[in-house]
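Asks: Give me coordinates for this.
(one chain, ligands or ions: 4)
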Amino acid sequence: MRLSRSFLPTLKETPADAQIVSHRLMLRAGLVRQTSSGIYAWLPAGLRVLRNIAQIVREEQDAVGAQEVLMPTLQSAELWKRSGRYDAYGPEMLRIKDRHERDLLYGPTNEEMITDLFGQSVKSYRELPQMLYHIQWKFRDEVRPRFGVMRGREFLMKDAYSFDLDHAGAVASYHRMMLAYLRTFQRLGVKAIPMVADTGPIGGDLSHEFIILAPTGESGVFYDGAFEDQDWLSEPVDIADRGSLGGFFQRMTSFYAATDEKHDDTAWAGVPAGRRREGRGIEVGHIFYFGTKYTASMGITVSGPDGQPVTPEMGSYGIGVSRLVGAIIEASHDEAGIVWPESVAPFKGVVINLKPGDAACDALCERLYGAAPQQMLYDDRADRAGVKFNDADLMGHPWQFVVGPRGAVSGMVELKCRATGEKREVSADEAFAQIA
Ligand code: ATP
Ligand code: MG
Ligand code: MG
Ligand code: MG
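Replies: Ligands and ions are numbered 1, 2, ... in the order given. Now for the predicted structure:
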């Protein structure tokens with residue numbers, strides 16, 4: 001994208017109403033604009049980040065056998081009356097009437113709808129297990145929408161649902177999702193730690209919240225820092241084998257991690273002092289096993305091996321895709337701006353032309369930009385160098401390719417790494433290798 005012709009409206013001033021750094025940076029870097037309370041429009045750079053995150057989420061869901069669907073945002077109240085949640089959900093649910101006075105709602109989550117879809121089509125235990133997900137906008141009328149996209153009213157969520165024949169199968173599905181989540185967050189470049197969460201009336205310990213450490217987070221968290229060094233992408237797990245999945249889960253849960261509600265001083269004392277991480281955290285994902293809560297209340301069964309009806313066991317698994325944009329920035333920024341992990345950056349790099357109109361500069365910049373125009377931003381504006389450097393740092397592109405008149409004549413480029421600040425003079429060929 002050529003900056004001179006793009007819609008990337010950066011702001012010099014810090015927006016007064018934004019309380020936390022990620023919200024300020026998202027506005028300043030031109031990622032989003034608020035259109036009404038808790039509702040945001042995504043501008044080109046922000047949309048690229050949102051899509052990059054969604055794509056990584058999608059790939060890791062697919063890798064554990066989940067299948068993507070797309071359910072609508074509007075749902076019939078009838079569905080929610082069947083599960084009993086229409087009245088129970090409360091004022092967070094946005095209720096709507098159509099012209100025929102029929103009750104609709106903007107989905108805050110999709111358990112009812114997916115259970116109904118499942119029940120319409122799956123009739124036999126032979127078709128189990130099933131794992132379905134979608135990446136879709138949700139609406140929750142939060143009492144206090146705040147911190148920009150972190151607690152919006154309309155927000156993008158990946159929500160997955162599993163259906164199994166029995167408890168053991170449901171546990172295996174949960175383990176599979178746990179693995180997918182660990183891999184997803186590792187690829188996103190964030191340290192999201194799974195912490196045992198409250199399961200309410202269902203009991204047991206099969207609910208985890210994935211939490212990123214950040215001073216503005218809403219929950220207090222304690223965990224063993226050794227967790228951060230684990231490489232879940234190369235963890236040898238056979239996802240078709242329940243024993244292998246169970247072994248992985250046991251190893252994963254051997255690291256201490258708890259929110260303040262579940263914190264246990266005795267177990268904490270067992271974590272070596274140098275490895276204790278303590279602070280505030282942001283919930284970016286939540287996985288939950290809830291058995292037959294919805295299948296039973298909605299009357300969904302499949303025929304079992306002996307011909308008798310069986311009520312399938314379910315779990316649901318959420319990731320806050322739009323919240324992650326803010327959370328990643330919260331965890332990865334400095335005074336100058338955003339420091340994007342490469343995997344989610346809107347652009348892999350920016351080519352900064354220090355002297356547009358200079359033949360050598362223009363030619364070298366066009367060649368660099370032309371090597372990957374889909375992934376690169378080209379700052380071809382007539383502005384001062386300082387403005388361009390500031391915007392590049394603010395927008396957080398992982399690599400900056402700085403082309404000035406002196407270097408351009410000899411085909412040299414200054415390559416800056418945003419994360420480390422390191423600068424090197426490199427040949428055009430080396431620069432191309434970095435872009436490829
Ligand atoms: P919170 O505790 O922050 O209100 P939640 O526990 O109500 O979140 P879940 O129902 O577990 O949320 O939804 C799954 C995920 O959706 C959450 O882990 C979070 O990442 C995201 N999410 C929930 N509410 C919002 C919101 N208002 N804005 C953005 N993302 C949200
Ligand atoms: Mg909530
Ligand atoms: Mg929560
Ligand atoms: Mg939650």
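Asks: For the residue in the stretch 51-200 of the chain that ligand 1 sits nearest to, give its distance to residue 42.
Replies: As assessed by C-beta to the nearest ligand atom, ligand 1 sits closest to residue 155 within the stretch 51-200 of the chain, at 3.5 Å. Bear in mind the C-beta positions are built from the backbone N, C-alpha and C, glycine included. Separation of residue 155 from residue 42 (C-beta to C-beta, to the nearest Å): 11 Å.
Asks: Figure out how far stretch 263-274 is from the centre of its chain.
Replies: Distance of stretch 263-274 from the chain centroid (C-alpha atoms, centre = their mean, to the nearest Å) equals 30 Å.
Asks: pLDDT score assigned to the residue in the stretch 301-436 of the chain positioned nearest to ligand 1?
Replies: Of all residues in the stretch 301-436 of the chain, residue 320 sits closest to ligand 1, at 2.2 Å by C-beta to the nearest ligand atom. Reported pLDDT at residue 320 in the predicted model: 98.
Asks: name the element the residue lying closest to it once chain neighbours are set aside belongs to?
Replies: In space, and not counting its chain neighbours, residue 320 is closest to residue 284: 5.3 Å by C-beta to C-beta, 6 or more residues apart in numbering. Using DSSP states H and E, residue 284 sits within strand 276-291.
Asks: Is there proximity between that strand and ligand 1?
Replies: Yes: applying C-beta under 6 Å from any ligand atom, one finds strand 276-291 touching ligand 1 at 283, 284, 285, 286.
Asks: Could you give me the ChimeraX selection string for whichever of these are buried?
Replies: Restricted to buried positions by 16 or more other C-beta atoms under 10 Å, the ChimeraX selection for the residues of strand 276-291 next to ligand 1 reads:
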select :283,284,285,286
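Asks: right, and the pair among the residues of strand 276-291 next to ligand 1 with maximum separation?
Replies: Spatial extent of the residues of strand 276-291 next to ligand 1 (C-beta to C-beta) is set by the pair 284 and 286 at 8.6 Å.
Asks: Pull up the overlap in contacts between the two.
Replies: Listed as contacting both residue 284 and residue 286 by C-beta atoms under 8 Å, 6 or more residues apart in numbering are residue 210.
Asks: Just the strands from the stretch 301-436 of the chain, written as ranges.
Replies: Listed in chain order, the strands of the stretch 301-436 of the chain (DSSP state E, counting those that start in this stretch) span 302-303, 309-310, 313-320, 333-334, 337-338, 349-353, 376-379, 399-403, 412-417, 423-427.
Asks: looking at these, which is buried most?
Replies: Among these, ranked by average contacts under mean count of other C-beta atoms under 10 Å, first place goes to strand 349-353 (a mean of 28).
Asks: thinking again about what came up before, from what I can see the residue nearest to residue 320 touches residue 185, true?
Replies: Yes: between residue 284 and residue 185 there is a contact under C-beta atoms under 8 Å: 7.4 Å.
Asks: Which neighbours do those two have in common?
Replies: Common neighbours of residue 284 and residue 185 are listed as 192, 210 (criterion: C-beta under 8 Å, 6+ apart).
Asks: and the residue lying closest to residue 161 once chain neighbours are set aside, how many neighbours?
Replies: When the adjacent residues along the chain are set aside, residue 161 lies closest to residue 114, with 4.5 Å between them (C-beta to C-beta, 6+ apart). Applying other C-beta atoms under 10 Å, we find 24 residues neighbouring residue 114.
Asks: And for residue 236?
Replies: For residue 236, using other C-beta under 10 Å, the count is 7.
Asks: Please apply the same query to residue 396.
Replies: As a burial measure, residue 396 scores 26 neighbours (other C-beta under 10 Å).
Asks: ditto for residue 94
Replies: 16.
Asks: Touching, residue 399 and residue 345? I think so.
Replies: No: taking contacts as C-beta under 8 Å, residue 399 lies outside contact range of residue 345: 9.1 Å.
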